[in-house]
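Trainee: The sequence isn't on hand, but the structure is:
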């Protein structure tokens, strides 16, 4: 089958059972997306499908023919970091780094959700545009677990990028 | 995961026909619950019918003044819809209290209704479970029951329904619309959609083989102040211990449905006459006949206090 990943057409010969995550990692050698729990509980596998964040472990590659998939490799590279990657470095938004690609893909898409006016559990007034507060960021990032507990620095990194975008 | 064949359906009737033809088939939409269960071999479909290409992703006004929510509308989009936020706030709130951003982006309206219980014994394939393997017994009874049901249970099953969305749908008197392969449509009131376990806990809904959900229909707005209060073990991304969906009118009358306490969203319309008298008499009537275990008996007073908190907020 053929997939569009980070702007390029990529071919892969896969079993119907193959998740998007395993296709990325094992077949296309894009190992930035991480396998943590493989059950949609940790967020380490987060990628964007047509700009929306999803768990790549809980979807089949075969369901994504024609979709535009963006992984951490497509957001930035060591010599050309995405602003969110640079902010995570600056604010020390990790210890071991295993959850980081998922945190970054999730946070980039999450800021777009706020811009699009998508409310969250932390939004007090459902009829108003959501505001960018630390409580909002924490709630919206709850699908990404950091076992090292770098949460406060992650919130700082995301806040800085959001403020620069505003 | 067990091997399966895969097809993409092009129309709802074609999807229903494919399912009728193939007894081992399952529909896949968001897939977030189904694939998880397939990895654990709790679900073992021999054929998957991908319904993501069917459209059914719009929210339209009905002639009656309500909303028709396409089966494939994603949880994020339903929660963010301006009409839902304004007129059916309890539904937005319930959706936003459930899962995580990543899951809500994938999960669909119909799939949310059909998700399976998170009872730990349903997930543990080394232990008997009447829901997973009919007739094998219930390991939960006498086991770890803190998160399980307190009312509507049976000797065969004490699992809860995990959905937040469905609890709000129950408070709003939603209707589930289905189609069969021959084009026959059915309208199933949400009250009759989910079943109590009885002695067939593996049969969870009123759907018949080949029934395909096309939409969920909301009646005209119920007005009042609307709340979804969810109590859980952590502040976000956790299932409810107890949740209260409520629509409260100015005069103190209203509707209440509970999550986290039963095999289906729990609502007792006759008990709602007690609402103006407060949470204590109302919850006593709603949970009349509850049979909690020693581990989950806390859910009964917790439900009352959660309702008391909602009613206090409603009074402003």
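Mentor: That came through, no problem. Bear in mind that the values here come from a model prediction, so they are computed numbers and not experimental data.

Trainee: Now residue B:208. Nearest residue, chain neighbours left out?
Mentor: In space, and not counting its chain neighbours, residue B:208 is closest to residue B:180: 7.9 Å by Cβ to Cβ, 6 or more residues apart in numbering or on different chains. Just so you know, the C-beta spots here come from the backbone N, C-alpha and C atoms, and that holds for glycine as well.

Trainee: which residues does that neighbour contact?
Mentor: If you count contacts by Cβ atoms under 8 Å, 6 or more residues apart in numbering or on different chains, residue B:180 has them with B:13, B:16, B:20, B:186, B:208, B:210, B:211, B:212.

Trainee: mind checking pLDDT for it?
Mentor: According to the prediction, residue B:180 has pLDDT 94.

Trainee: Kindly provide the distance from it to residue B:110.
Mentor: Distance of residue B:180 to residue B:110, given as Cβ to Cβ, to the nearest Å: 15 Å.

Trainee: And for residue B:305?
Mentor: Distance from residue B:305 to residue B:110, by Cβ to Cβ: 33 Å.

Trainee: which of the contacts of residue B:180 lies closest to residue A:48?
Mentor: residue B:212 (29.4 Å; Cβ to Cβ).

Trainee: For the closest one, which residues are in contact?
Mentor: Applying Cβ under 8 Å, 6+ apart, the residues contacting residue B:212 are B:12, B:13, B:15, B:16, B:19, B:27, B:51, B:71, B:178, B:179, B:180.

Trainee: In helices, which of those residues appear?
Mentor: B:12, B:13, B:15, B:16, B:19 (DSSP state H).

Trainee: mind listing the helices in chain B by residue range?
Mentor: B:12-21, B:34-39, B:75-80, B:82-87, B:89-96, B:101-106, B:109-114, B:120-123, B:165-171, B:190-193, B:279-286, B:299-315.

Trainee: Out of those, which is the most enclosed?
Mentor: helix B:165-171 (a mean of 29; mean count of other Cβ atoms under 10 Å in any protein chain shown).

Trainee: just to revisit the earlier point, which one among the ones in helices among the contacts of residue B:212 gets closest to chain A?
Mentor: residue B:15 (14.5 Å; Cβ to the nearest Cβ).

Trainee: Skipping adjacent residues, who's closest to the closest one in space?
Mentor: Here the residue nearest residue B:15, using Cβ to Cβ, 6+ apart, is residue B:9, at 3.7 Å.

Trainee: Contact partners for the residue nearest to residue B:67 when sequence neighbours are not counted?
Mentor: Spatial nearest neighbour of residue B:67, excluding adjacent residues (Cβ to Cβ, 6+ apart): residue B:218 at 4.5 Å. Residues in contact with residue B:218 (Cβ under 8 Å, 6+ apart) are B:66, B:67, B:68, B:69, B:88, B:91, B:169, B:172, B:174.

Trainee: in chain B, what residue is nearest chain A?
Mentor: Taking Cβ to the nearest Cβ, chain B has residue B:100 as its residue nearest chain A, at 2.5 Å.

Trainee: Quick one: residues contacting the closest residue to that residue other than its chain neighbours.
Mentor: Of all residues not flanking residue B:100 in the chain, residue A:143 sits nearest, at 2.5 Å (Cβ to Cβ, 6+ apart). Applying Cβ under 8 Å, 6+ apart, we find residue A:143 in contact with A:43, A:46, A:55, A:106, B:99, B:100, B:101, B:102, B:103, B:237.
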